[in-house]
Every structure is written in C-alpha cells, then in structure tokens.
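Peer 1: Give me a model of this one.
(2 chains)
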Amino acid sequence: MKSFFLISFLLLVTFHLFAQNVEFEKYNFQNDKGGLKEAKRNIDEADDYFDKSMKEGYNLFGFALPLYLKANNFNPNNGLLNYKIGVCYLNSAWKPKALSYLEKSYKLNPTAGTNLRYYLAQAYQLNMEWDKAISTYIAYLSEADKNIKETADDVEKKIAECRNGVVLVKNPVLVFIDNVGTEINSSFPDYAPVISADESVMMFTSRRDNTSGGGISPMDQMYWEDIYISTRVNGKWTPAKNMGKPVNTDNRHDATVALSADGQKLLIYLDDKGDGNIYECDLKGTSWSKPYKLNDNVNTKKHESSATISADRNTLYFISDKEGGFGKHDIFKCTWDAKKQKWGEAENLGPTVNTPYGEYSVFLHPDGKTLYFSSEGHNTMGGYDIFKTVWDEKKKKWSIPENIGYPINTADDDIDFVLSANGKHAYFASYKADGYGEKDIYMITFVTPKNPVLNTEDNLLASLTEPVKETVIGKAVDVPSAAVSILKGTIFDAVTKQMLEADIELVDNQLNQIIASFKSNSATGKFLVSLPAGKNYGIAVKKEGYLFHSENFDIPTSGVSQEYVKEIGLNNIAVGQKIVLRNIFFDFGKSTLRPESTNELERLAKLLTDVPNMKIEVSGHTDSKSSDEFNMKLSQARAQSVVDYLTTHGIDKSRLTAKGYGKTKPIATNDTDEGRQLNRRTEFEIKSK
Amino acid sequence: MKRKIFLATTLFAILFFQAKAQDTVKVSTLAGLENNAEKFYNSGISKFASKDYNGAIMYFNQALSLKQDFDKAYYNRGIVKYEMKDIKGAMEDYNKALVLNDTCSQCYFVRGQAKYAIGNKTEASEDYNKTINFNPNHAQAYYYRGGILYELKEYKSAIEDFDKAIQIKPNYAYAYNDRGSAKRELEDYNGAAADYKKAIELKPDMAFAYSNLGSTLRKKEDYKGAIAAYDNALKVKESYLAYNNRGSARYDAQDYQGAVEDFTKSIKLKNDYSIAYNNRGAAKFKLKDYKGAIEDYNKALAVNTNYGYAYLNRGMAKELIRDKQGACKDWESAVALGIEYGKTYLQDCK
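Peer 2: The predicted structure is shown next:
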C-alpha cells in the first residue's frame, strides 16, 4: 500500500515536471540549437501575421498558424505558443481545435496571454462543453476588470448562450446534412448558396483559383470572391461554372446575396471601398445583365450585406447597420413602389425580430411570410444562429423568432440559410471535417420526426385469463331410508284368541301394488314389517276358514322412525259375521270405484270363490252429513257397484245382495271426523254358507 | 292376479328375513330402496369428486333409469359431461333438467356457461338473465353477463352488472378486476386503478390484475407507478405479457436500455412473440440502433406477416439509415394492412 502511494506521488511529480512551461531558450535545448533557431524564426514570422490580425483588422491568422504549429512540434510545452495557436484556431475555419491548445496553455502558464481564460471558455463553448464553458466564463469574470461594463455584459451573454446550448442540444431537430458534392464544392471556400424555389438552380460564392482576373485579396491572401452557378438535372447538380462577366468582376469580391424564387433576379453584394451595397442582376433570355445598385432607400453609406426578395417581387428585406436600428446590423424592409418604379422607404422590422446584437443574412421563404435570418441575439447558442419568424397578417406582426435548432445551428456562426419552396431541403455552408476543403455547401434534409408504435396486450377479463370452474356438481340427496316405519302386530282367532299363522298382504295404495306378501309366525302370530313413510297402505290378512281382515292406514312422513301396532283378530266364516271392507274407495259423493280398490275387491272375489255356497249382503253406509235421501241413494249405489264388480268377475248374481243403509247403522259417533270416517264404509255380512 | 304378484315380487325384490331364533316374522319392504335412485345419484357425485367421470356418468344413468323425473341427476350428468368437454351432451342434460324444473336457476347458469363455451354469447346472456330471474342473488350470473357485455363493448352496462356482482359478493376479486377493465375502456383511469387495487387486495396472487393496474397507470402517464405495478406482477408470476408491458412503460419513461432488457426477457419466455420483437425494435430505434431495430422488426414480421405496425416502424428505421425507398415500401405495406397513419408518412415519399 505504501509503495502504491509512493508510485502515485512520483508520477504526480513527474507530470508536474513534464507539464512545466518550457521557454524557447538555449539552456532548454543545449543539444539542438539548430532546431531552436528554426523554431524561433518560425515564431517571429508568424508573430507578424498574428499581430497584424490582432491589431490592424487583417485576418492573417491562417498564415501564422502553420508556422506556429512547426515551432510547437519542436517545443510543445510553451504556454505562450499554445495560446497563440489557440487564438489562430479560434479565428480559423476549425475553431473547435483551439481547445486542446488553450487548455494546455492554461496548464503551463495561466497568464500566458491576454484573456486566456476568456478564449478557453470560448473554446469550450465551441466544443459544446457547456458546463466547463460556463464555469470558465465565471472564473474569467472574477479575474477580469469589473469596471469594464462591456466585458461583464459580453461574458454574461456568453454564459446565457451556453445555457441556450444545453436546451437546444438536448432537443435536436431531425435532419440529414449532406455535402452537396464535388460538382459544387471545391478545396477552396464555397459558401452563400442561393436557390430558385424549385431547387433547379443554385448560385453560390467561391474563392477558387479560376476567379475572374485570378487575383488575391491582400486582406487574407485568398482568391477574390466570384459567383458560380450549377443547375440540377435529373436530381444531380451539374459542375459549377463561374458566372463570368458581367456578373463577376476582376479582382474584386462578387458575392451571392439572393435569387428570386423564379431564378430571374440575382442580388449580389459588392464592396464599394468599404461600403457594402446590394446590386441586382436580371436574367434576360440566357444572359445576365450588368449588376446595378439598388436605390438609396436600400443602399446607404453604411454596410448593406444581405437581402431577400419576395416571390411576387413586391417586398425586399435587407440587412444594414444604418441608423434607425436596434444596434449593430438590423433587418429592414422596402416595398416596391409601382408608380415610381423603385423601392420605397425602408422600415426597421422592429424589436421582435431585431436585437441589440447583430442580425446577419436574411431569407424569405417563397411562402412570402416565413423569414429566416441569422442573429447573435435571441436564444443563440453562440455566434450567429439561424432563426425563423412568421408574419401574422391578421395581427400585423412577426412571431417571436424561434431558433431552428441543433444540429443545424452550432456554437459557431450559422448563416446564409436558404430553403426550398416545399420545405424539404435547405442549403447552407459549413466547415466540416468530411468536407472537400475549407467551407463547403451542405444540403439539409428535414425529416419529420416519427415515433415508433409500441403494442401491448393485457389480460383484461379475469374469467378468460384464469377461468374458474363454475359448473359445480349438485349436492348429494338424502336417501329415503331415514324415514322408515315399522308396522308390527299379532294375528289371532278373534274368538279363541289362539295365535294364527295367516297370509298378510301389504299394498301401496298410491301405486295400487302389493309391496309385501308374507305370513305371521305360526306359533306366536307375530309379524313385523319395515315400511317407507309418507304413504297410504292397505293391509289384508287372510286365513283359510276365516274371513279376511282388511285395514287402511297412513304412515305420515317424519324424520324419525315410527312404530305401528296392529292386533288383528280373525273371525270364522259364520253366518251373521260382518266384515268392513276398509280398502274399498269411491270418488267423492259418487259410487264410482277408485282403482286402488282393486286389491280388496279381488280378495272378496277370491273368498266367494273359495267358499262357493256362501251368500252375502254387501251394504253401504254413510255418516250423518247430507240429507237422508241422498245418503240412502249413495249407500245403495255404492253397495251395488261392489256387487256389480263381483258379478263381472265371475260370482253368481244369486249369491249377492246390495243394500244401502245410509246413516242408519253407525258403528261410531257422527260427532267427530274420526267417527264419521269409520261410519263411512262398505261392509258385507254372511247371510248363509 | 298372478301377473300382479309376479310384478310385485320382481320389481321390489322383497327379501324375507326369517328370524329363526325369534318369534316374529320380520319383513322389510326397503330392500328395493337400497338400490334406489338417490343412492346411485350420490355415488355419481362421489365418482365425480374422485374424477372418475365415466363412473359418475354410469351412476347418474342408473339413477335416471330408476327415476326418470330426477332433475338433479340430469343436472349432475350434464356437469360431468361438461367436464368431459362434451358440451352438447351437457347442454342436452341441462335442457332435460329444466324441462323437469323450469325454475332451477343454477341449471340456467350452467347452460349459460355451456353456451358461452361454444361461442353462443347471446343465448348465454339470456340464460344468465333467467338465472338472475329465479335467483336475484346469483353473483356469478351477473359477473358473467357483465363479461359478455364487456366483450360486446357495452362497458357501461357491463359495469352495472359487475356492480351487482360485487354488491352480492363483496370479496369478488374477479368482478373488481373486470370492472376496472371496463372503466379503463371508458377512460376512467382513476376508477379503473382503484378497482384493480381492490382486486389485488382481495386476491394478492392475481398477477394479471397487477399488470392491468400497471397498464392503467401507464395510460395516466404515471410511468413510475406503472413500472412498480409490473414489478409486482412479475414477482407473483413471470409472464411474457408483464415483461412486454414493463418494457413499454420503461420506454415511455425514456429508459430505452431497460426497455430492451424487458422485451428480451419477454421474448425469452415466448420466442415467437412478435409484439415484443416489434417493441424491442422501437426501443433500439430510440437508442439510434437503427440496424438492430430493423433486425427486430424483421423477426416480428417473420412471425406475423400481417403486422402493420412492424412495417410502419421498420419504415422509420429505414428512413434514418437513408433507405428512403425501403422506408416508403414499408409504409405502403403498413397502409395496405390498415394502418391509416402510414398515409401521412407516404406524403414524404412523393
């Protein structure tokens, strides 16, 4: 563990030693004096360009940079040199590259150059490292001279830009950005594209070597600007051509500004000895007119740099730093005066669009109401960003400008944006690593953001997801054996009381079926029978030489077993014996025999067959209800029904008498239900044998 | 006469117990009853309980041969047949039971179940009506009638039935779940969530109710709550649906990596689940892995060639890898499969 700390410590010390500022001095380069000499010579030469650019308004950083880089190869650890390289990059096409040099410079020597921290913060901003940029700006502000209000304001604005950047980068717009290709782009700077509304023609500015006159601008040692043209055939751009005279002039900047929607009017920028102005060229047949300067409502002694013309050619928007603005360059508007055949007086677009900061290029979409422009104000994320504002014809005002978003806009300057009429494509110029050298023209393809559709499924109905068995089987039922009753008794001779073995028949009167047929015990005359409850039974006891005994009884349904006792005495067949036929039933108030009487009647018929000489009187009896006449008639008719049954079942008519007694021979009281039931009966009496 | 006695002795098989050591002749008329319909019926129930369905059928048959008007035996035989997937046979038995006892509410109910099983929802619903007619406290009849109404998209009426079911049976978890689903269809997400929560409270092992709760919270854009609900669903029971749902909620919450993981799990449980492939494609799309997305959409379409949304989505991914032609072709397919929305995208193809 200790050794680990030691190693770490040593590494730290080594780094510090390594990271120390190394001056271009002999004592540092004892072994390579020649190299040191050359490096110092390079630095001296570069310093001339650098100082001229920093102090005299030239832009010669591009000449200083390669010389500095050579010196830096020899000694990469000099704070000042790294600072200068950083500043050169900040003023070049490759601004983001400044960062690594400025970071190193700051590490080697935080006071290596003027405003080092400010430049470092800018480099962070250009690399969209927003948090570091903000903290570095804040740190710079704490060390800067607080009395200079401009400095504080500038840094505050830059911090605000970084905050805009955070938001804009987080919500990018969906675009494809494609280099338009080598037909248009060259290894020289190519920029400021203008297109006809239908994208069939593109003109642009380039500083390539076939510029008219072939000269070089002394300000930056690059070829003069010229205007080039390409047309699109079958979706492909033709090789760009220098537009030649009279549009381009020798050894002077000629730059594209705008092309009318129909491609018939070209606005160009000419630098009239420091006073930039807008000129117009008209296409006449196949040739372009000589550029002519727009009138003094547009052009002033100030700097007019960009313009755009409406598709109906009635409105001109342009950029100028003339008076009447809100600071720096602003956007102005002129309306075509048809009577006077000239552009009318210019008016400022107002503070909704124009800001205290610079407004730069302007482009009116062929829809006539959407204006795209570059501004250092509003919510730019650094330098100029492209904004969009829409004219509301009803409210007569411009909408609040909207940043068209990252990655179209970056922390660097974003300018010269033109859009096709159908809104699908835009063109602009940019420095990109994959370009063909210097600035190139790129095409933006707007992609409508689309969100994929997800699908989900749910088990919304429980009964379908996890079905429950609802078809429940019916419960078990009680088996009727629980309601069993017992009938028991003894059969004996009614006179001698001697126990008899007799035939016993048990009839289920509802079913009219014999359900049991058995004999009583020969010695004791006893019997016992189990019966389901809830039924009406008939019991008949027969023994040869005796008259049969017939009885009817109910066993009501009951949860518990019940016991019935029947002591039955049988009578001998003797003249004068009377037997009540308890199991003969009639319909109510009628003499019709009910089917359940069959068993009893069969027994009676058998008795008459078994004792062939016996003669009987069948008698009917009623209770005391109803009239005597009715009772007499009914009892007579019922007795006759029994006799009729017997005669139809083979018993000789002469052996039978039918007699109705009505209520005249009661065997019980007529005052109770039970008594009356006993009185209602069919009897027979043995008359002879 | 002879015929009658013969009939009596054979039909009732009277047994005589001549007790030699006793002085009484003992006779039982119950011998016939020992083989009575009720006993066979009860034996059928025992056989059913032990899952001997053929045995059960045999006993109910015997019970019915002894007692042709034994409605309960018809009912039970129907239950056994239903269990044996003989739905038509079951229905015939229920019909007979109802001929014998046309107020048997449970008979109507089970017949309703059988009719639903063979897809006859209207008649099933009518049987549930009758069930309720004869037994206004039949919670299940309300519940299943509500389910049919739900399927017919008559959500308000369905809710009324689920209300009744719950009123009768306050711990009816299924009814709570289904009422939640009906409320969800009516975009009453708060009501739905409350019902699902109650269902879960009553029956905590009901994984799909958690999942339903999650989907409702997702509709309320409460993605955190939705994810938690799906977590619970998955704790109770792993399922490809719940993973697919949680993945979708994570997607909504812009956790696209987490979404990809969930869709992958869903696919692991059901490797032909085209929806999870489609959804994983969408999540990969959001992660700017357009090629990976296209591979997933391809898989979704390999399983389900008529998956319109997968075409629509694949078109979006193709567009962003600059295959505009392929994109337009996919959107055309989507539109042909009824995804009207694809027409908007096709406008860019002109």
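Peer 1: Run a quick neighbour tally on the residue of the stretch 201-350 of chain B found nearest chain A.
Peer 2: Per CB to the nearest CB, B:Ala282 is where the stretch 201-350 of chain B lies closest to chain A, at 3.5 Å. Using the backbone N, CA and C atoms, a C-beta is placed for each residue, glycine as well. Per other CB atoms under 10 Å in any protein chain shown, the neighbour tally for B:Ala282 reads 30.
Peer 1: For it, report the pLDDT, please.
Peer 2: Looking at B:Ala282, its pLDDT is 97.
Peer 1: Residue of the stretch 301-450 of chain A closest to chain B, please.
Peer 2: Of all residues in the stretch 301-450 of chain A, the one sitting closest to chain B is A:Lys450 (4.6 Å; CB to the nearest CB).
Peer 1: how about the helices in the stretch 1-150 of chain B?
Peer 2: Taking DSSP state H, counting those that start in this stretch as the criterion, the stretch 1-150 of chain B carries its helices at B:2-12, B:37-49, B:53-66, B:71-83, B:87-100, B:105-117, B:121-134, B:139-151.
Peer 1: can those helices go into TSV with extra columns for distance to A:Phe492?
Peer 2: Formatted as TSV, the helices of the stretch 1-150 of chain B follow (distance: least, CB to CB, whole Å):
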stretch	distance to A:Phe492
helix B:2-12	26
helix B:37-49	39
helix B:53-66	39
helix B:71-83	47
helix B:87-100	49
helix B:105-117	56
helix B:121-134	57
helix B:139-151	65
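Peer 1: Can you tell me which of these is nearest to A:Pro66?
Peer 2: When the helices of the stretch 1-150 of chain B are compared for distance to A:Pro66 using CB to CB, the nearest one is helix B:139-151, at 78.4 Å.
Peer 1: B:Ala194: what's it in contact with?
Peer 2: By CB atoms under 8 Å, 6 or more residues apart in numbering or on different chains, the contact list for B:Ala194 reads B:Gly180.
Peer 1: Skip ahead from the helix or strand in which it is found and say which helix or strand is next.
Peer 2: In this assignment (DSSP states H and E), B:Ala194 forms part of helix B:189-202. Beyond helix B:189-202 on the C-terminal side, the first helix or strand identified by DSSP H and E is helix B:207-219.
Peer 1: Buried residues in that following helix, which are they?
Peer 2: B:207-218 (16 or more other CB atoms under 10 Å in any protein chain shown).
Peer 1: What of stretch B:302-310?
Peer 2: By 16+ other CB under 10 Å, the buried positions in stretch B:302-310 come out as B:304, B:307-310.
Peer 1: same thing with stretch A:613-621?
Peer 2: A:614-621.
Peer 1: same question, stretch A:275-293
Peer 2: Result for stretch A:275-293 [16+ other CB under 10 Å]: buried residues A:276-281, A:283, A:288, A:291.
Peer 1: just those residues now: which is nearest chain B?
Peer 2: Closest to chain B, out of all of the buried residues of stretch A:275-293 and judged by CB to the nearest CB, is A:Leu283, at 29.3 Å.
Peer 1: Which neighbouring elements make contact with whatever helix or strand the closest one lives in?
Peer 2: Assigned by DSSP H and E, A:Leu283 belongs to strand A:275-284. Under the contact criterion of 3 or more CB pairs under 8 Å, 6 or more residues apart in numbering or on different chains; DSSP states H and E, strand A:275-284 touches strand A:265-272, strand A:292-293, strand A:304-309.
Peer 1: Out of those strands, which is the most enclosed?
Peer 2: strand A:304-309 (a mean of 26; mean count of other CB atoms under 10 Å in any protein chain shown).
Peer 1: going on from that strand, what's the next piece of helix or strand?
Peer 2: Heading C-terminal from strand A:304-309 (DSSP H and E), you reach strand A:315-320.
Peer 1: May I have that following strand exported as CSV, CA atoms only?
Peer 2: Provided in CSV are the C-alpha atoms of strand A:315-320 (Å, rounded to 0.1, in the frame of the first residue of the first chain):
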residue,chain,number,x,y,z
THR,A,315,-41.0,43.2,-50.9
LEU,A,316,-37.4,43.4,-50.2
TYR,A,317,-35.8,42.6,-46.9
PHE,A,318,-32.2,43.5,-46.3
ILE,A,319,-29.6,43.8,-43.6
SER,A,320,-28.0,47.1,-42.8
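Peer 1: tell me what that strand is packed against?
Peer 2: By 3+ CB pairs under 8 Å, 6+ apart, strand A:315-320 packs against strand A:304-309, strand A:330-337, strand A:359-364.
Peer 1: So which residues make contact with that strand?
Peer 2: With CB under 8 Å, 6+ apart as the criterion, strand A:315-320 contacts A:278, A:294, A:298, A:300, A:302-310, A:329-336, A:343, A:346, A:349, A:359-362, A:364, A:368, A:371, A:373.
Peer 1: what lines up beside it in the sheet?
Peer 2: Sheet neighbours of strand A:315-320, with direction, are listed as strand A:304-309 (antiparallel), strand A:330-337 (antiparallel) (DSSP bridges).
Peer 1: Any chance of those in JSON lines with mean pLDDT as columns?
Peer 2: Listed next are the strands paired with strand A:315-320 as JSON lines, based on pLDDT from 0 to 100:
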{"stretch": "strand A:304-309", "mean pLDDT": "92"}
{"stretch": "strand A:330-337", "mean pLDDT": "93"}
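Peer 1: got these as TSV, with distance to A:Asn171 columns?
Peer 2: Output for these, formatted as TSV (distance: least, CB to CB, whole Å):
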stretch	distance to A:Asn171
strand A:304-309	28
strand A:330-337	26
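Peer 1: Tell me the buried residues within the contacts of strand A:315-320.
Peer 2: For the contacts of strand A:315-320, buried by 16+ other CB under 10 Å: A:278, A:294, A:298, A:303-310, A:329-334, A:336, A:343, A:346, A:349, A:359-362, A:364, A:371, A:373.
Peer 1: what helix or strand is the residue lying closest to the residue of the stretch 301-450 of chain A closest to chain B once chain neighbours are set aside on?
Peer 2: The spatial neighbour of A:Lys450 that comes closest, neighbours along the chain excluded (CB to CB, 6 or more residues apart in numbering or on different chains), is B:Met316 at 4.6 Å. According to DSSP H and E, B:Met316 maps onto helix B:308-320.
Peer 1: For that helix, which helices and strands make contact with it?
Peer 2: helix B:274-286, helix B:290-303, helix B:324-336, helix B:342-346.
Peer 1: Is B:Lys156 in contact with B:Leu186, as I believe?
Peer 2: Yes - between B:Lys156 and B:Leu186 there is a contact under CB atoms under 8 Å: 7.2 Å.
Peer 1: what pLDDT, on average, does stretch A:36-54 get?
Peer 2: 93.
Peer 1: Go through that stretch and flag the buried ones.
Peer 2: Under 16+ other CB under 10 Å, the buried positions of stretch A:36-54 are A:36, A:39, A:42-43, A:45-46, A:49-50, A:52-54.
Peer 1: quick one: low-confidence parts of chain B?
Peer 2: B:1-22, B:27-35 (pLDDT under 70).
Peer 1: Go ahead and flag the most central residue of it.
Peer 2: Note on chain B: the residue nearest the mean C-alpha position is B:Gly147, at 9.3 Å, using CA atoms, centre = their mean.
Peer 1: and what of chain A?
Peer 2: Judging by CA atoms, centre = their mean, chain A has its centre closest to A:Leu454, at 6.7 Å.
Peer 1: That residue and B:Glu238: what is the separation?
Peer 2: 21 Å (CB to CB, to the nearest Å).
Peer 1: Just want the residue of the stretch 51-200 of chain A that's nearest chain B.
Peer 2: Relative to chain B, the nearest point of the stretch 51-200 of chain A is A:Phe176 (6.9 Å; CB to the nearest CB).
Peer 1: Tell me which residues touch that residue, please.
Peer 2: A:444-445, A:447, B:322.
Peer 1: Now, of the residues you listed, which are buried?
Peer 2: Buried residues within the contacts of A:Phe176, counting neighbours by 16+ other CB under 10 Å: A:444, A:447.
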